[in-house]
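> Turn this into a model:
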Amino acid sequence: MTEAGNPGDPASGDDALYRPGSYENYRTFGLGTLSPELFAQADRAFHDDVQAWLAGQLPYAVLLPHRDRLGLELRPHHDGRRLLPAEVALPDELLADIVEDEVPDLGAQTERITGDAFERPSVGALAALAWVDDLVGNRRAVDAWMEDERDPRLVAAARRVDRAPPCLYVDGVAQLPLSPRMTPPTGPPGIYVARAYRLGDGWAFSSRVAVDRLPDVATLIRRLQIEGWRLRTRERRATWEDVLRQRSDVLYRAVAEGSRLKFAGGWPKGG
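Just a heads-up that it's a prediction; the model follows:
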């Protein structure tokens, strides 16, 4: 991975770099009164403190004033749309093949899903990488494939899976807050992260990556909430499901790292 990664999240790559928030979005949807200059200062200070929290240098409580000042709170903001059914399944093997064809430097990029530079990625981990932004010329691998695929049913299935937020499941039961319209009634056994999508009259699980142990769910939710705040510096209309979709790599590797008990004393050290 790039050297930009944070020591508390070394697989984050360029996500550790500062990306300015949107002042226009803040004024339109944030109900705030900061001037452009004060907004820019507050936005940069928030980024720096998030990186320090990830590195274990600051406590979580330091981030709360930033959240409030910039108007970043998420709860209880869910995506109310329903998932439309796909006609055919979108196999993980197909997504893995797409990633192998489209993504340069694949060995390094899979670390964004596994959190481990030495772990050989599963088919599901490769499939999960298909939905990660900025890997193929500022696009996702699946977007590049959809432009050329001639089977309209497969393309439609990919769009259905794209709408489905990835989630942590135990025997098909969602372990994270999820819109009821996007929550499957049941699923395959095991502990895994996957995108549950409608398939005909039932459900299927795409981009499924299994882990050995259930990570600490409260810690995982906190980690994702902070990713949500980061996302909302640019788009305050982003829902919780948008966070799961657009920060899917964080979800996958946080679950993997939590399962490996890398941060058994609390992750990250800042608490």
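> how about this protein, which residue sits the furthest from its center?
Ser35 (30.9 Å; C-alpha atoms, centre = their mean).
> which secondary element of the protein has the worst mean pLDDT?
The helix or strand with the lowest mean pLDDT-type score in the chain, counting by mean pLDDT, DSSP states H and E, is helix 106-109 (a mean of 84).
> Run through who's touching it.
Helix 106-109 is contacted from outside by Met1, Val99, Glu100, Val103, Ala117, Leu129, Val132, Leu135, using C-beta atoms under 8 Å, 6 or more residues apart in numbering. (Each C-beta comes from the backbone N, C-alpha and C, glycine too.)
> ok, of the residues you listed, which one's closest to Asp9?
Distance to Asp9, by C-beta to C-beta, is smallest for Met1 among these, at 10.4 Å.
> ok so, going back, what packs against the very next helix or strand once past the least confident helix or strand of the chain?
With elements assigned by DSSP states H and E, the helix or strand that comes after helix 106-109 is helix 111-114. Other elements packing on helix 111-114 under the criterion 3 or more C-beta pairs under 8 Å, 6 or more residues apart in numbering; DSSP states H and E are helix 123-129, helix 248-259.
> Can you flag the weakest of those by average pLDDT?
Among the helices and strands packed on helix 111-114, helix 248-259 carries the lowest mean pLDDT, a mean of 94.
> can you give me how far it is from the chain middle?
9 Å (C-alpha atoms, centre = their mean, to the nearest Å).
> Check stretch 171-185 too.
Distance, stretch centre to chain centre, for stretch 171-185: 16 Å (C-alpha atoms, centre = their mean).
> ok so, going back, of the contacts of helix 106-109, buried ones?
Met1, Val99, Val103, Leu129, Val132, Leu135 (16 or more other C-beta atoms under 10 Å).
> hey, where'd the helices end up in this structure?
23-29, 36-54, 63-70, 92-102, 106-109, 111-114, 123-129, 141-148, 152-163, 217-232, 240-246, 248-259 (DSSP state H).
> can you redo the ones you listed as a markdown table with distance to Gly13?
Output for the helices of the chain, formatted as a markdown table (distance: least, C-beta to C-beta, whole Å):
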| stretch | distance to Gly13 |
| --- | --- |
| helix 23-29 | 24 |
| helix 36-54 | 13 |
| helix 63-70 | 21 |
| helix 92-102 | 16 |
| helix 106-109 | 8 |
| helix 111-114 | 7 |
| helix 123-129 | 13 |
| helix 141-148 | 16 |
| helix 152-163 | 22 |
| helix 217-232 | 14 |
| helix 240-246 | 15 |
| helix 248-259 | 9 |
